[in-house]
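K.L.:
When you get a sec, could you give me coordinates for this:
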Amino acid sequence: MLKNIGLTELIIIILVLIVFAGSKKINELARQAGEATKELKKIKKEYKEASEAVKEELTANPEPEEKKKIKQKKGGVKNA
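P.N.:
Numbers count the residues shown, from 1 in each chain. Model (predicted):
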């Protein structure tokens, strides 16, 4: 998103923000942006861990219960 913004444009944006919002407000906004970024990274990490856990669970038990029941009815698999 910000890949096409050059240094000059970035400086102009920062100056406009300082003029309209004031330096104290800028510090507060920057802090909030940092906290939001930190929270998003945390959520991303939790999502990745959860999806990996589900993937491991699915690969650990590749044969669904329905297939086992069908095989049992046909005599293919016996419960010990």
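
K.L.:
residue boundaries of the helices in this protein?
P.N.:
Counting by DSSP state H, the chain has helices at residues 7-21, 23-60, 65-74.

K.L.:
Can I get the ones you listed in JSON lines including mean neighbour count and mean pLDDT?
P.N.:
C-betas here are computed from N, CA, C, even on glycine. Formatted as JSON lines, these follow (neighbours: other Cβ atoms under 10 Å; pLDDT from 0 to 100):
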{"stretch": "helix 7-21", "mean neighbour count": "11", "mean pLDDT": "85"}
{"stretch": "helix 23-60", "mean neighbour count": "10", "mean pLDDT": "89"}
{"stretch": "helix 65-74", "mean neighbour count": "11", "mean pLDDT": "66"}
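
K.L.:
Run the chain-centre distance for stretch 7-18.
P.N.:
On the basis of Cα atoms, centre = their mean, to the nearest Å, stretch 7-18 is displaced by 30 Å from the centre of the chain it belongs to.

K.L.:
Other residues contacting it?
P.N.:
The contact list for stretch 7-18, computed with Cβ atoms under 8 Å, 6 or more residues apart in numbering, reads 5, 26.

K.L.:
Please repeat the previous calculation with a cut-off of 6 Å.
P.N.:
Ile26 (Cβ atoms under 6 Å, 6 or more residues apart in numbering).
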